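J.: got a structure for you, letters missing:
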DNA sequence: TTATTAAACTAACAATTGTTAGTTTTGTCC
DNA sequence: GGACAAAACTAACAATTGTTAGTTTAATAA
């Protein structure tokens, strides 16, 4: 079995989760039925259960796969010893990268996490809270060091997260603006604002 | 019958739509069942049909009630003859106002519009497209006039919309920061950026 | 009181849901 | 070919869904 993630082999389970993610992104978790997903995979609904435990299990895998990625990267950036501004820049780029690279998974995690059952729901929210606390602390430090202007840290963080999250609703791969331009522009906008002074 | 909107009387239909909006915000359109909604209203599911045509009809009312508000206000602001920056400031404040004042309706419209049936879905998207085109034109003009820095207009618009839209996920009425502070801070952040220069 | 209307009720429907049980097909190694 | 496992299938289940039909209750106007 391949659990490394470095391997290219796509197991049947991988295919199912990928198709499911795209369908759930399109219709939402509740509206995307097991029969819909099965049809995308090219199989009967019952056959899915040879590879996944339940519909809930699919959502679970999607949410935590991505949440773990964010958690790991946040740890790396937070421990880098860079200035607050550099850290924030890296976080912005991290979010843009993940959002565009794993766009279906991202949308599902962002929009459908509330359909997680307990205890997964609580665990997911703990991960998210912990992530946001670290994010906030970076902003606080930036303010203390005089790097950042006097703007409410919560407003700052959620504005950053919100504007990047919104990418999933308008970014289309291959079209203009591309990822590079988007990264440049969003960072620029958030750091320096849009007014020409 | 009261169709003025200026009247205070809450018809039974108003109550149903309000309760439905809060429930749909919480669980999503598909997961919120007519029996759930009925329970909130304090009535049997079948009784709802004395006041509303269908579940779909509820979603329809919510989405267009709000979309019409945005459309009307956009027209007013766009025709005001103010500078681009002033217009954008007003648009930001408009979105914050509507988002906080009609928080349940806003969340439902923003998150559940895709469950609208045709032809309502197409009409809704037309309204939204028209709105965004006007928004974009204001940004273009601001760039031409040299008021705004050279940032991709799409990125600018969607960053603004995204950061404000995200409000619904963290703003809680009565808590800090309040609406005034949020308005001030978001406008400040988007117009001037967060870096202390 | 009586007639009328609004708004609730009970009971049921057809369709769809996630899931299970049991069976058959497919592919691989000896 | 035979054995074995992986992965598909068919058929069905119990529960839940939005909605309808028909009936009863509550409120209002004459």
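T.: Structure's in. What do you need? A quick note: this is a predicted structure, and the numbers were derived from the prediction, not measured. Numbering: from 1, shown residues only, chains lettered A, B, ... in the order given.
J.: When you work out contacts or count neighbours from here on, use the C-alpha atoms and nothing else.
T.: Noted.
J.: Tell me the residues of chain A that contact DNA strand D?
T.: A:11-12, A:42-48, A:50-51 (CA under 7 Å from any atom of the strand).
J.: Would you mind putting those residues into JSON lines with neighbour count, secondary structure and distance to residue A:72 alongside?
T.: Putting these into JSON lines (neighbours: other CA atoms under 10 Å in any protein chain shown; DSSP: H, G, I helix; E, B strand; the rest coil; distance: CA to CA, whole Å) gives the following:
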{"residue": "A:11", "neighbour count": "11", "secondary structure": "coil", "distance to residue A:72": "24"}
{"residue": "A:12", "neighbour count": "14", "secondary structure": "helix", "distance to residue A:72": "27"}
{"residue": "A:42", "neighbour count": "10", "secondary structure": "coil", "distance to residue A:72": "35"}
{"residue": "A:43", "neighbour count": "13", "secondary structure": "coil", "distance to residue A:72": "35"}
{"residue": "A:44", "neighbour count": "15", "secondary structure": "coil", "distance to residue A:72": "37"}
{"residue": "A:45", "neighbour count": "15", "secondary structure": "helix", "distance to residue A:72": "35"}
{"residue": "A:46", "neighbour count": "10", "secondary structure": "helix", "distance to residue A:72": "35"}
{"residue": "A:47", "neighbour count": "10", "secondary structure": "helix", "distance to residue A:72": "34"}
{"residue": "A:48", "neighbour count": "20", "secondary structure": "helix", "distance to residue A:72": "31"}
{"residue": "A:50", "neighbour count": "9", "secondary structure": "helix", "distance to residue A:72": "31"}
{"residue": "A:51", "neighbour count": "13", "secondary structure": "coil", "distance to residue A:72": "27"}
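J.: Tabulate those (JSON lines), appending pLDDT.
T.: Shown next, in JSON lines, are these (pLDDT from 0 to 100):
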{"residue": "A:11", "pLDDT": "87"}
{"residue": "A:12", "pLDDT": "89"}
{"residue": "A:42", "pLDDT": "94"}
{"residue": "A:43", "pLDDT": "95"}
{"residue": "A:44", "pLDDT": "93"}
{"residue": "A:45", "pLDDT": "94"}
{"residue": "A:46", "pLDDT": "94"}
{"residue": "A:47", "pLDDT": "94"}
{"residue": "A:48", "pLDDT": "95"}
{"residue": "A:50", "pLDDT": "93"}
{"residue": "A:51", "pLDDT": "94"}
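J.: Report the contact partners of the residue nearest the centre of chain A.
T.: For chain A, residue A:106 is the residue whose C-alpha lies nearest the centre (CA atoms, centre = their mean; 4.1 Å). Residue A:106 is in contact with A:66, A:98-99, counting by CA atoms under 8 Å, 6 or more residues apart in numbering or on different chains.
J.: how near is it to DNA strand C?
T.: 20 Å (CA to the nearest atom of the strand, to the nearest Å).
J.: Relative to residue A:55, which of the contacts of residue A:106 is nearest.
T.: Each of those was scored against residue A:55 by CA to CA, and residue A:66 proved nearest at 17.6 Å.
J.: What parts of chain A come near DNA strand C?
T.: So chain A meets DNA strand C at A:30-35, A:45-46, A:49, A:53-56 (CA under 7 Å from any atom of the strand).
J.: Just the buried ones among these, please.
T.: A:30, A:32-34, A:55 (16 or more other CA atoms under 10 Å in any protein chain shown).
J.: could those residues be laid out in TSV, adding distance to residue A:81, secondary structure and pLDDT?
T.: Shown next, in TSV, are these (distance: CA to CA, whole Å; DSSP: H, G, I helix; E, B strand; the rest coil; pLDDT from 0 to 100):
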residue	distance to residue A:81	secondary structure	pLDDT
A:30	43	coil	97
A:32	44	coil	97
A:33	47	coil	97
A:34	47	helix	97
A:55	42	helix	97
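J.: Pipe those into JSON lines and attach distance to chain B per row.
T.: Shown next, in JSON lines, are these (distance: CA to the nearest CA, whole Å):
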{"residue": "A:30", "distance to chain B": "6"}
{"residue": "A:32", "distance to chain B": "10"}
{"residue": "A:33", "distance to chain B": "12"}
{"residue": "A:34", "distance to chain B": "15"}
{"residue": "A:55", "distance to chain B": "15"}
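J.: Now flag whichever of these is closest to residue B:18.
T.: residue A:30 (22.3 Å).
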